[in-house]
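*Asks:* I need the structure of the sequence given here:
(2 chains)
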Amino acid sequence: MQVTEIGHNSKVEGGVIHTQLDTAIGWCRKNSLWPMPMGLACCAIELMAAGASRFDISRFGSEVMRFSPRQSDVMIVAGTVTYKMATVVRRIYEQMTEPKWVIAMGACASTGGMYRSYAVLQGVDNIIPVDVYVAGCPPRPEALLDAMIKLQAQVAKEPALSLQKRVA
Amino acid sequence: MSANEFAKQLKTRFAELLSEPVEFRGETTLVVAEAERIAEIGLFCKKELGFDYLVDVSSLDNYGTDPRWTVVYHLYGYGHHCHLRLKTDVSEEKSELPTVTSVWRTADWHEREIYDMMGIRFRGHPDLRRILMWEGYPYFPLRKDFPLAGKPTELPEVAFTKPAPLEGGPFVTIAGGNSTITREPRVRNPDPDSVDKEKK
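*Replies:* Below is the predicted model of the structure:
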């Protein structure tokens, strides 16, 4: 099922909005994506910069970094995922409540990056489903914000009412 | 006093155990003949010579030669600002030497790291567990015969590893190769047989 984005012309329609419920829920969700900052390496520094005043992730409704997985919507995996950490990342992802999304930030989280060794997981998509990959080593905050905007576009079009099943 | 003078004092005290001090680029190194007595020598260095800081303990894998392991102790004295390096060999069959945690407490984690990465055990260590990899990981990943890509392991509910794809991957140097072609860093999949072959 394809859900359209919400559109509203106040001059024509006044104070009344005619839309689908799916679309309305998607519109609410996309403007309040609370991130779970999974900061594992240097990408986390850029993630902090994205949250600070110069880049200000709150312009996109994502300023509420939640260190509790129960209260967060999108996990930003920022950094190198070692095998020792991999099961922890998976566990935290499983503790997040539906609906939930994942951004793989940077080369390491996306593919293992330059660490091709016995210790590093070759991409976090081996253990959890990833919605947006961000290139860069580390990516600049603008790149993360762009990923956030792309994720918002995706969230807005997701059918919210039909049962979501997201199993890795 | 310079590091060389300290080395000479150490040599006078343990004459039969130590090699002549070697100085290279301003760094003094002594080889300890018997790894079993490293703690005793360490205690003398700390109490009598003032080497109160153990900077690092590291280990070498001389793969293919006997004895296979070399354990290296880097000492420093805050009182006299001198560095001293002690080296000692350990055979592969034994793979064990006494701990120096009784002399320098900082040796605790250094020795755990060597145990974790190389599999050399330290007798008398208060808590000899793995420090970087998890309990139950079956290999010692910094040994020369361990493949760079890693090996598959599975410890349900705790951790797992898979070999990393190495095609076009990290650049590997082969130390001691005869030609520059073998010595310079190239894309390689270093299994132990090919390393031996390329050295010849």
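*Asks:* in PDB, list the C-alpha atoms belonging to stretch B:48-57.
*Replies:* Below are the C-alpha coordinates for stretch B:48-57, written out as PDB (Å, rounded to 0.1, in the frame of the first residue of the first chain):
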ATOM      1  CA  GLU B  48      67.700  -0.100  43.500                       C
ATOM      2  CA  LEU B  49      67.800   1.700  40.200                       C
ATOM      3  CA  GLY B  50      64.600   3.800  40.500                       C
ATOM      4  CA  PHE B  51      62.700   2.500  37.400                       C
ATOM      5  CA  ASP B  52      59.400   3.100  39.100                       C
ATOM      6  CA  TYR B  53      57.200   3.200  35.900                       C
ATOM      7  CA  LEU B  54      56.600   0.200  33.600                       C
ATOM      8  CA  VAL B  55      55.700   2.000  30.400                       C
ATOM      9  CA  ASP B  56      54.600  -1.100  28.400                       C
ATOM     10  CA  VAL B  57      54.900  -4.800  28.100                       C
END
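*Asks:* relative to the whole chain's centre, how far out is that stretch?
*Replies:* Put simply, stretch B:48-57 sits 17 Å off its chain's centre (C-alpha atoms, centre = their mean, to the nearest Å).
*Asks:* also stretch A:108-121?
*Replies:* 21 Å.
*Asks:* and that stretch, does that touch chain B?
*Replies:* Yes - counting by C-beta under 8 Å from any C-beta of the partner chain, chain B has neighbours in stretch A:108-121: A:112, A:114, A:115, A:116, A:117, A:118, A:119, A:120. For every residue, glycine as well, the C-beta is placed using N, CA and C.
*Asks:* for the second one, which non-adjacent residue is spatially closest?
*Replies:* So that's residue A:114. residue A:107 (7.1 Å; C-beta to C-beta, 6 or more residues apart in numbering or on different chains).
*Asks:* confirm that the one you found sits in a helix.
*Replies:* Yes - assigned with DSSP: H, G, I helix; E, B strand; the rest coil, residue A:107 falls within a helix.
*Asks:* look up how far residue A:129 lies from residue A:96.
*Replies:* Between residue A:96 and residue A:129 the computed distance is 12 Å (C-beta to C-beta, to the nearest Å).
*Asks:* who has more neighbours out of the two?
*Replies:* residue A:96 (21 against 13; other C-beta atoms under 10 Å in any protein chain shown).
*Asks:* list the contacts for the more buried one?
*Replies:* A:36, A:69, A:70, A:72, A:73, A:75 (C-beta atoms under 8 Å, 6 or more residues apart in numbering or on different chains).
*Asks:* grab the nearest non-local neighbour of residue 97.
*Replies:* Going with chain A. Using C-beta to C-beta, 6+ apart, the nearest residue to residue A:97 is residue A:70, at 6.1 Å.
*Asks:* that was the other one, I meant chain B.
*Replies:* Closest to residue B:97 by C-beta to C-beta, 6+ apart is residue B:35, at 4.1 Å.
*Asks:* do residue B:124 as well
*Replies:* Nearest residue to residue B:124 in three dimensions, chain neighbours excluded: residue B:99, at 4.6 Å (C-beta to C-beta, 6+ apart).
*Asks:* looks like the residue nearest to residue A:114 contacts residue A:134 (just checking).
*Replies:* No - Residue A:107 is beyond contact range of residue A:134, at 9.1 Å (criterion: C-beta atoms under 8 Å).
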